[in-house]
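> Fold the following, please.
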Amino acid sequence: MKIIRYIYKNSINIGIIINNKNVINIKDLNIKINNMIDFIDFLNNKNFQPQKKYNEKKLIKMSHIKLLSPIERPNSLRDAYAFRKHVEAGRKGRGLPMIKEFDLFPVYYYSNHSAISGPGEIYINDEFLNRFDFELELAIIIAKKGKNIKIEDADEYIFGFMIMNDWSSRSIQKSEMKLNLGPAKGKDFATTLGPYIITRDKLKNNITETKNGCIYDLKMEAFINGKKVSEDNSKNMNWTFAQIISQISKGTTLYPGDVIGSGTCATGCLLEINLTNKTDNWLKLNDVVKLKIEHLGTLENKIKLEKN
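Residues are numbered from 1 along each chain as shown. Purely as a prediction, here's the structure:
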């Protein structure tokens with residue numbers, strides 16, 4: 001199932017994509033729910049098959065709607081650090097050895113769950129545009145409440161997947177990381193998610209089960225102004241989402257709608273590309289960034305200046 005939030009006739013709605021061309025409003029399926037977190041909770045407790053129930057007269061063409069972030073304000077937004085090649089390349093470019101602790105446990109940080117937007121124009125304060133960067137990531141949404149989740153059970157807590165762009169101001173990040181507290185202002189001003197949530201059951205042909213949880217085989221690509229700059233695959237995550245979920249939930253409760261990013265994939269940001277190629281290329285105003293993940297669609301954003 002592909003689930004979206006969208007604007008149609010000045011109204012914000014939740015819908016289900018039908019045949020990749022149309023959308024049906026969940027209210028036209030007699031589901032009286034107004035926010036995505038409640039809808040996720042509803043679906044997790046129902047055997048729901050919309051393709052068998054919708055009235056074709058209620059369908060809306062995708063071309064007639066404006067897509068929003070699939071989830072507006074989750075209870076939390078965490079971002080992991082799961083792609084070893086990305087970490088290695090970044091450290092090598094600085095002349096540093098690999099961090100041995102990377103292989104001990106999956107790490108993550110909290111980002112700003114109130115600074116989420118979706119496809120379309122993204123408005124950035126001038127202060128953040130110095131060495132401005134994208135990050136290509138795969139994100140999951142938690143399906144149900146859980147605490148101290150075992151690795152072998154953790155994939156059942158995944159409701160679905162989205163594309164995630166963890167926008168970053170590298171000039172600010174470089175300064176604040178010297179304080180050894182992790183990413184802060186350099187990353188908390190903008191995250192884009194979208195274009196839709198695809199439920200886990202729709203990726204069954206891209207899943208390999210292992211003792212450490214499922215491996216999701218999804219091609220990942222990034223384009224700037226139409227030029228491909230990045231390509232990797234989510235199967236190259238060195239920590240599975242099951243391991244990440246298990247680590248996060250130790251002594252902490254996860255809730256429906258919580259969002260967890262994979263971390264940047266290999267070649268998935270300009271910082272890594274610049275360090276590897278000894279270049280100094282960064283995003284600028286009016287650049288168009290497209291992130292594509294197999295079966296998850298394309299998340300496209302155009303960079304605009306925030307008006308004070």
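
> now the strands for the stretch 201-308 of the chain?
207-210, 213-216, 219-224, 227-233, 253-254, 259-261, 288-293, 297-305 (DSSP state E, counting those that start in this stretch).

> Now tabulate the ones you listed in CSV and tack on mean neighbour count, distance to residue 63 and mean pLDDT.
(C-beta placed from N, C-alpha, C; glycine too.) Below are the strands of the stretch 201-308 of the chain laid out as CSV (neighbours: other Cβ atoms under 10 Å; distance: least, Cβ to Cβ, whole Å; pLDDT from 0 to 100):
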stretch, mean neighbour count, distance to residue 63, mean pLDDT
strand 207-210, 11, 32, 97
strand 213-216, 21, 30, 98
strand 219-224, 20, 22, 98
strand 227-233, 17, 26, 98
strand 253-254, 17, 36, 98
strand 259-261, 25, 28, 98
strand 288-293, 22, 18, 98
strand 297-305, 18, 15, 98
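
> Using the three-state scheme, assign residue 41.
For residue 41, the assignment made with DSSP: H, G, I helix; E, B strand; the rest coil gives helix.

> Now do the contacts for it.
144, 256-257 (Cβ atoms under 8 Å, 6 or more residues apart in numbering).

> burial measure for the spatially closest residue to residue 252 that is not a sequence neighbour, as a count.
Nearest residue to residue 252 in three dimensions, chain neighbours excluded: residue 147, at 6.7 Å (Cβ to Cβ, 6 or more residues apart in numbering). By the criterion of other Cβ atoms under 10 Å, residue 147 has 10 neighbours.

> Residue 147 contacts residue 248, doesn't it?
No: applying Cβ atoms under 8 Å, one finds residue 147 not in contact with residue 248, separated by 10.1 Å.

> Between those two, which contacts overlap?
Common neighbours of residue 147 and residue 248 (Cβ under 8 Å, 6+ apart) are residue 254.

> and whichever strand or helix holds residue 171, what does it pack onto?
Residue 171 is part of helix 170-176, with elements assigned from DSSP states H and E. Contacting helix 170-176 under the criterion 3 or more Cβ pairs under 8 Å, 6 or more residues apart in numbering; DSSP states H and E is no other helix or strand.

> now the angle from the helix or strand that that helix is followed by to strand 288-293?
Next helix or strand after helix 170-176 toward the C-terminus (DSSP H and E): strand 191-199. Put simply, strand 191-199 runs at 30 degrees to strand 288-293, going by axes from the mean of the first three to the mean of the last three Cα atoms, to 10 degrees.

> what's next to strand 191-199, contact-wise?
1-4, 17, 36, 43, 67-71, 77, 111-112, 115-119, 122, 139, 141, 159-167, 259, 295-299, 301.

> what do you get for stretch 102-116?
The contact list for stretch 102-116 (Cβ under 8 Å, 6+ apart) reads 69, 71-82, 84, 87, 101, 166, 182-183, 187-193, 238-239, 243-244, 247-248, 259-261, 263.

> tell me the mean pLDDT for that stretch?
What stretch 102-116 shows for mean pLDDT is 95.

> re the thing from before, determine which of the strands of the stretch 201-308 of the chain approaches residue 273 most closely.
Evaluated over the strands of the stretch 201-308 of the chain, closeness to residue 273 peaks at strand 227-233, with 6.5 Å, by Cβ to Cβ.

> Check which residues of stretch 277-285 are buried.
Within stretch 277-285, the residues scored as buried using 16 or more other Cβ atoms under 10 Å are 282-283.
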